[in-house]
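Peer 1: pasting a predicted model and its sequence here:
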Amino acid sequence: MNMLRSAYARETIESRSVAVDSVWRTLWLSAAGAALGLILAGYSLFTASGTATRTVPPEDVALVNNRPILQSDFVTQTQVETGGPFKDATPADRKRVLQEMIDEELLVQRGLDVDLAASDPDVRSAMVAGVNLQVDAEVLASRPDEASLRAYYAAHRDRYAIDGSMDLRDLVLVAPDGAAALKALKADVQAGVPLDVAAKKNGLVESGHLPRGDNYDFGVKAKLGLPLYEVAAGLTDGQISAPVDDGGVVHVLVMLHRKPIRQLDFQAARDNVYQDYQRDARASVERQNLDFLRSRADIRIGLGALP
């Protein structure tokens, strides 16, 4: 009886061992199958034709590190480099242009990676110009109407004139009696005495601030200063000014010949008005963009940066 029980126990243990081995074998095979399935699925995902990682969107000609090169840009660049329609470009031309664009994109991405704009002034300037060009796009694309241009012209008429010129002498009184010297100078000039002779005779010398001959109005203003220029601008041919005290120096201005400023009418100035209108409109939107960026930026200025 005991022998039967022992045999039965051994048989039960062996059966359970076989069952356990079968379970582990099944689990191991299942795990191996699952792993193999994942590997095959991953390989298929990343290599199969038509998957997202191998396809390029129809509007792009290439992807460089997932950054697109647009088909439209490729067409334009090919036409520029070949000097003809895109359809006439040879496969070799297209390949060459595409490789150039890929190389450019790689270099641009590298420049961004190393923050080239932080150290290269030319890159910073180009980026500033590029951002402003984007901001200006709407202004550049729009055309102001006639009423807007006329209103702009009316508000800035002084810009649209042909500058006058002056053949002017700037004399300085050195005679003790300035009033008597000026009276004698006028009398001699009216009598036909040459100005140089009359000036020397009556105690006046040239200041040396103006070269002889015609000088544009802006040059006279820059060299003599606004007070003397305003006096000169009111003189006509042959007229001699009253004495003008400029910083303790008494000047007498003699206008030999005056070509006055000529105001341009709207039609004559229209092209310049249009350019100035566009320039001011661009400056306005660029200022607005900077104001917006400043409002959202965290700007901190060191204590030693400003006096």
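Peer 2: Everything's here; your move.

Peer 1: sec struct for the residue nearest to the spatial centre of the chain, please.
Peer 2: Taking CA atoms, centre = their mean as the criterion, A129 is the residue nearest the geometric centre of the chain, at 3.0 Å. The assignment at A129 comes out as helix when based on DSSP: H, G, I helix; E, B strand; the rest coil.

Peer 1: got a pLDDT number for it?
Peer 2: Looking at A129, its pLDDT is 92.

Peer 1: for it, give its distance to P176.
Peer 2: Counting by CB to CB, to the nearest Å, the gap from A129 to P176 is 63 Å. Backbone N, C-alpha and C define where each C-beta goes, glycine included.

Peer 1: V205 now?
Peer 2: As it turns out, when the distance is counted by CB to CB, V205 lies 14 Å from P176.

Peer 1: neighbour count: those two, which is higher?
Peer 2: The residue with the greater number of neighbours, taking V205 and P176 and applying other CB atoms under 10 Å, is V205; the counts read 12 against 8.

Peer 1: show me what the strand or helix carrying the more buried one is packed against.
Peer 2: For V205, the host element (DSSP states H and E) is strand 204-206. Under the contact criterion of 3 or more CB pairs under 8 Å, 6 or more residues apart in numbering; DSSP states H and E, strand 204-206 touches strand 165-173.

Peer 1: the strand it packs on: how far from the chain's middle?
Peer 2: Using CA atoms, centre = their mean, to the nearest Å, the mean C-alpha position of strand 165-173 is found 43 Å from that of the whole chain.

Peer 1: sheet partners, orientation included, of it?
Peer 2: Applying DSSP bridges to the sheet, strand 165-173 is found paired with strand 204-206 (antiparallel), strand 214-216 (antiparallel), strand 249-259 (antiparallel).

Peer 1: and the pLDDT for the spatially closest residue to R169 that is not a sequence neighbour?
Peer 2: Distances taken as CB to CB, 6 or more residues apart in numbering place V254 nearest to R169, at 4.4 Å, with adjacent residues excluded. Here the pLDDT value assigned to V254 is 94.

Peer 1: ditto for D245
Peer 2: The confidence metric pLDDT takes the value 91 at D245.

Peer 1: quick check, it in a strand?
Peer 2: Yes. Counting by three-state DSSP, D245 is located in a strand.

Peer 1: burial of it, as a residue count?
Peer 2: Around D245 sit 11 other residues, with neighbours defined as other CB under 10 Å.

Peer 1: if I look at the closest residue to it other than its chain neighbours, how far off is R169?
Peer 2: Closest residue to D245 apart from its sequence neighbours, by CB to CB, 6+ apart: H251 at 7.9 Å. For H251, the distance to R169 (CB to CB) stands at 10 Å.

Peer 1: distance check, the residue lying closest to G213 once chain neighbours are set aside against M127.
Peer 2: The spatially closest residue to G213, leaving aside those adjacent along the chain, is D167, at 6.1 Å (CB to CB, 6+ apart). In this structure, D167 lies at 50 Å from M127, with CB to CB as the measure.

Peer 1: compare the two (neighbour count), which wins?
Peer 2: More crowded of D167 and M127, by other CB under 10 Å: D167, with 16 against 13.

Peer 1: beta partners for that one?
Peer 2: Under DSSP bridges, the residues paired with D167 across the bridge are D214, H257.

Peer 1: can you list the weak-confidence ranges in the stretch 201-307 of the chain?
Peer 2: Regions of the stretch 201-307 of the chain meeting the criterion pLDDT under 70 cover residues 306.

Peer 1: if we use 80, what do you get?
Peer 2: For the stretch 201-307 of the chain, the stretches flagged by pLDDT under 80 are 301, 303-307.

Peer 1: can you map out the helices along the protein?
Peer 2: Using DSSP state H, the helices assigned to the chain run over residues 2-47, 71-82, 91-113, 121-141, 146-155, 178-190, 195-201, 217-224, 226-233, 266-296.

Peer 1: now distance to V244 too, for these, in CSV please.
Peer 2: Below are these laid out as CSV (distance: least, CB to CB, whole Å):
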stretch, distance to V244
helix 2-47, 88
helix 71-82, 62
helix 91-113, 61
helix 121-141, 46
helix 146-155, 33
helix 178-190, 11
helix 195-201, 16
helix 217-224, 10
helix 226-233, 6
helix 266-296, 34
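
Peer 1: out of the ones you listed, nearest to P307?
Peer 2: Each of the helices of the chain has some distance to P307 by CB to CB; the shortest is helix 266-296, at 21.9 Å.
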